[in-house]
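Q: Could you work out the structure for the sequence below:
(4 chains)
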2 protein chains.
Amino acid sequence: MATGRTTPASPSPGGAPRRTRVRGIPDATVARLPLYLRALTALSERSVPTVSSEELAAAAGVNSAKLRKDFSYLGSYGTRGVGYDVEYLVYQISRELGLTQDWPVVIVGIGNLGHALANYGGFASRGFRVAALLDADPALAGQTAAGLPVRHMDELEEIIRSEHVSIGVITTPPGAAQQVCDRLVAAGVTSILNFAPTVLQVPEGVDVRKVDLSIELQILAFHEQRKSGEEQPQEDPVVSRPGSGAKAVAAAAARAVSRARGTSTSTTLGSEAEA
Amino acid sequence: MATGRTTPASPSPGGAPRRTRVRGIPDATVARLPLYLRALTALSERSVPTVSSEELAAAAGVNSAKLRKDFSYLGSYGTRGVGYDVEYLVYQISRELGLTQDWPVVIVGIGNLGHALANYGGFASRGFRVAALLDADPALAGQTAAGLPVRHMDELEEIIRSEHVSIGVITTPPGAAQQVCDRLVAAGVTSILNFAPTVLQVPEGVDVRKVDLSIELQILAFHEQRKSGEEQPQEDPVVSRPGSGAKAVAAAAARAVSRARGTSTSTTLGSEAEA
DNA sequence: CTCTGTGAAAAGCTTCACAGCG
DNA sequence: CGCTGTGAAGCTTTTCACAGAG
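A: Numbers count the residues shown, from 1 in each chain, chains lettered A, B, ... in the order given. From the prediction side, this is the model:
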C-alpha cells in the first residue's frame, strides 16, 4: 500500500466515543475502490454490460470474496445469479469516492517529478484538474509544463483561494516540504499528497498521504534477499551490541554501511532527493 | 500505504502448511522499516548517539508502542532506561532490509517519470544502482538521462544477465507494461516495481509492488468529500438500480460521469497515462 | 526512576462457507 | 442453478499496560 493515512483520526483520549461511523467504509476497502473503478472503466470501454465478482476480482487483482465484501459496504449493487451492472457500478463507486465532483489541485515543485505529474493522464481522467504549477525558482516561472504556465510561489495563497483548491501535491526537495506544507494548510488546503521523503507535521483535520519511491524498492529488496538467502539465519559475527563493550566496532561498521550507500554524513539526506 | 504485495505467497490450496516462517517479520513491520531507517539516518547525520522510542517514533510519524513492537521482531537492540544506539540500529535495519548489498535495477520506459526516477537521489543513497535505462523508442536510444545512456529494449535480456539485475522498474504506458513485465521475468528479474496503472500477471515467486499516483489522489478525494459533506447521507434520487426498471437511466448517468472525467470511451485508458 | 520489551486484549481485515435471491 | 451478500471464523495488526533491566 503506497502508504498510510497520517492524521489517525485521534481516538479522543479523553474518553469521548469518537463520532459514530455513519455508513463507515473500512480504510482497506476505500483503498481498493480506485482499483475496482479502473477495472470497471476498462470493461465499460469494451462495452461489457455486466461482470461477475469472480471476473472483476481477477481484473483488479484481488480475490472475489474480498471484492464482494467490499461492495457490500457500499450497498447491494449486484444481481444474484447474474453479477454487477458495469455502468451502474462505475457510477456508484465514482460517487462514493467523490469523483463526481471537480477537484482542483496544485502541484508545488516543478522538477522532474512535478513535470511528470503535470503530464499524468490519470489525474485529468479521474476528475482531478491541475489548477496551477508552482515553483520557488523564479527562473522556472514563465516556462510552461504540460501546457500550463509555471507560476511563482508568491502566488500560492491567491491561487488556492480563487480556485478553491483543497488538495495540494508536494514534489519539492525534502528540505522545502514542511514549509510548503505549512503554507498550503494556512491557505486552506486540507489534503496533501506528499512525494518528498519527509514526515509532514499537520494540524488535526488535514489528511496527508505519502508516496515514497525508495520505500517501495526497499520492501522489494527485503523479499528479494529472502529469496536468494534461504540459507542459514546469518548470525552476524562482527558487529556486537553497543554497551556490551564493542560500541566503537558497531559504529564503525554502521558508518561503513552508510558510506557504501553514498549517504552523505553531513548534509540533509542527499541534495537532489526530489525524484 | 502505497500499496500491497501482489503475489500473496499462495497458501498452498493443496493443504501443505506453508513454509514455516523462520524469524518471520510481519509485512506491516517490514513496510515501516524504511521509515525508521530514514529517521535514523537523519539523526546519524546530526551525530545524535542515542534515541528513545518516543523520539524516534515522532520522527518517523508512528506511535512508540508500534515502533517498540516492530523492533522487538528484529531482536533486542535497545537499552532499557536509555534508548537505542543510532548507528547500531541503522546497521541492523539496513542489514534486515538487505541494503548492505548492492541492488542493480533497470528502469524501463524513459518518459517523464522514468527520467524523474533516474534522477532520484533516494535510490542511490539506499543501495540501489541504476544499471540501465531502457526504452522501446529508437529515437531515445543514444540520448542520456541522469548521466546514463538510454538503451534500446533489444538489449534488455543481455543487460539483465550480465549485470545480475533482479529488480525491474516499469514506467511505460499501461499498454506496454505486461509485455515488458513478461520479458523482465523471462530474463530473470524476480521483483518488479510497477508505476503503470495495470494489474500485472506474474508467475509464482515473482514479487510485484505498484505505485499508483492517481489512486492516492482518489483516496484523498474520498476523505476530502467526507469533510465538507458532513450533511445528510445524500440518498441519490435520480439513479435507480438496473433491473428494477430504470437501467437506461443509470447507464446514462454513469456515462455522463465518465465523460465529465474526460475518460475516452474507446481507447485504452487515456493514451499518455504514463505519469 | 526511566524506558525497553512483551504478553494479552482489542481492533481491523480477510477468508470461509452457505443461505437464499433471481 | 449461478452468483451475490453476509454472518462467523480465523488471522494480522495495533494498542494497552506493566514487569523488569539498567
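Q: Leaving out sequence neighbours, find the closest residue to A:H223.
A: B:D207 (5.0 Å; C-beta to C-beta, 6 or more residues apart in numbering or on different chains). For every residue, glycine as well, the C-beta is placed using N, CA and C.
Q: beta partners of the one you found?
A: B:S191 (DSSP bridges).
Q: quick one: buried residues of the stretch of helix or strand A:L217 belongs to?
A: Under the criterion of DSSP states H and E, A:L217 resides in helix A:213-228. For helix A:213-228, a neighbour-count test (16 or more other C-beta atoms under 10 Å in any protein chain shown) marks A:213-225 as buried.
Q: Could you identify the most distant pair in those?
A: Taking C-beta to C-beta as the measure, those span a maximum distance of 19.1 Å, between A:L213 and A:Q225.
Q: quick revisit: now the helix holding A:L217 - C-alpha only, CSV.
A: Below are the C-alpha coordinates for helix A:213-228, written out as CSV (Å, rounded to 0.1, in the frame of the first residue of the first chain):
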residue,chain,number,x,y,z
LEU,A,213,9.6,5.7,-4.3
SER,A,214,12.6,4.4,-2.4
ILE,A,215,10.5,2.7,0.3
GLU,A,216,8.8,0.5,-2.2
LEU,A,217,12.1,-0.6,-3.5
GLN,A,218,13.4,-1.3,-0.1
ILE,A,219,10.5,-3.6,0.6
LEU,A,220,11.2,-5.4,-2.6
ALA,A,221,14.8,-5.7,-1.6
PHE,A,222,13.8,-7.3,1.7
HIS,A,223,11.8,-10.0,-0.1
GLU,A,224,14.4,-10.4,-2.8
GLN,A,225,17.0,-11.0,-0.1
ARG,A,226,14.9,-13.7,1.4
LYS,A,227,14.6,-15.5,-1.9
SER,A,228,18.3,-15.9,-2.6
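Q: so how far is that helix off the chain centroid?
A: Centroid displacement of helix A:213-228 relative to its chain, using C-alpha atoms, centre = their mean, to the nearest Å, is 19 Å.
Q: List phi and psi for A:L193.
A: Here is the backbone geometry of A:L193 (degrees, to the nearest 10): phi -110, psi 110.
Q: I misspoke; the intended subject was A:P149.
A: According to degrees, to the nearest 10, A:P149 has phi -70, psi 140.
Q: Burial check on it, number of neighbours?
A: Neighbourhood size, A:P149 [other C-beta atoms under 10 Å in any protein chain shown]: 12.
Q: With A:H164 instead?
A: Neighbour count for A:H164, taken as other C-beta under 10 Å: 11.
Q: Skipping adjacent residues, who's closest to it in space?
A: Distance criterion C-beta to C-beta, 6+ apart; nearest residue to A:H164, sequence neighbours excluded, is A:P104 at 6.4 Å.
Q: what's the answer for A:D135, then?
A: Leaving aside its sequence neighbours, A:D135 sits nearest to A:I110 (C-beta to C-beta, 6+ apart; 4.4 Å).
Q: Export the buried residues of helix A:213-228 to CSV and append columns for pLDDT.
A: Output for these, formatted as CSV (pLDDT from 0 to 100):
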residue, pLDDT
A:L213, 89
A:S214, 92
A:I215, 96
A:E216, 96
A:L217, 97
A:Q218, 98
A:I219, 98
A:L220, 98
A:A221, 97
A:F222, 98
A:H223, 97
A:E224, 97
A:Q225, 96
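Q: Which parts of the stretch 101-250 of chain A are helices?
A: Along the stretch 101-250 of chain A, the stretches classed as helices by DSSP state H, counting those that start in this stretch are A:112-118, A:121-124, A:156-163, A:174-187, A:213-228, A:247-261.
Q: Deepest-packed of these, please.
A: Neighbour counts (mean count of other C-beta atoms under 10 Å in any protein chain shown) averaged over each of those peak at helix A:112-118, with a mean of 25.
Q: Distance from the chain centre to that one, please.
A: With C-alpha atoms, centre = their mean as the basis, helix A:112-118 stands 15 Å off its chain's centre.
Q: before we move on, the earlier item: just tell me which of the helices of the stretch 101-250 of chain A ends up closest to A:A145.
A: The closest of the helices of the stretch 101-250 of chain A to A:A145 is helix A:112-118. By C-beta to C-beta, the value is 4.8 Å.
Q: anything in stretch A:45-63 near DNA strand D?
A: Yes: using C-beta under 7 Å from any atom of the strand, stretch A:45-63 reaches DNA strand D at A:S52, A:S53, A:E54.
Q: Check the secondary structure at the last one for me.
A: The one in question is A:E54. helix (DSSP: H, G, I helix; E, B strand; the rest coil).
Q: Would you mind measuring from A:S52 to A:I192?
A: For A:S52, the distance to A:I192 (C-beta to C-beta, to the nearest Å) stands at 38 Å.
Q: and those two? which has more neighbours close in?
A: Taking neighbours as other C-beta under 10 Å, A:S52 and A:I192 compare with A:I192 leading, 24 against 15.
Q: From what I see, that one and A:P203 are in contact.
A: No: taking contacts as C-beta atoms under 8 Å, A:I192 lies outside contact range of A:P203: 11.6 Å.
Q: Mutual contacts of these two, please.
A: Here A:I192 and A:P203 have A:V185 as joint contacts, going by C-beta atoms under 8 Å, 6 or more residues apart in numbering or on different chains.
Q: what residues does chain A put near DNA strand D?
A: A:8, A:11, A:52-54, A:64-65, A:68-69, A:71-72, A:76-84, A:243.
Q: From the residues you listed, keep the buried residues only.
A: Looks like the residues of chain A next to DNA strand D have A:S53, A:F71, A:Y77, A:G78, A:G83, A:Y84 buried, using 16+ other C-beta under 10 Å.
Q: Out of the residues you listed, which is nearest to A:A196?
A: For those, the closest approach to A:A196 (C-beta to C-beta) belongs to A:F71, at 35.4 Å.
Q: and the helix or strand hosting that closest one, how far out from the chain's middle?
A: Assigned by DSSP H and E, A:F71 falls within helix A:64-74. Distance of helix A:64-74 from the chain centroid (C-alpha atoms, centre = their mean) equals 23 Å.
Q: What strands flank the helix or strand following it, and is each parallel or antiparallel?
A: Using DSSP H and E, the helix or strand that follows helix A:64-74 in sequence is strand A:78-79. Each strand paired with strand A:78-79, and its direction, by DSSP bridges: strand A:83-85 (antiparallel).
Q: Pretty sure A:F123 is one of the things the residue nearest to A:H164 touches, is it not?
A: No: using C-beta under 8 Å, A:P104 is not in contact with A:F123; the gap is 10.9 Å.
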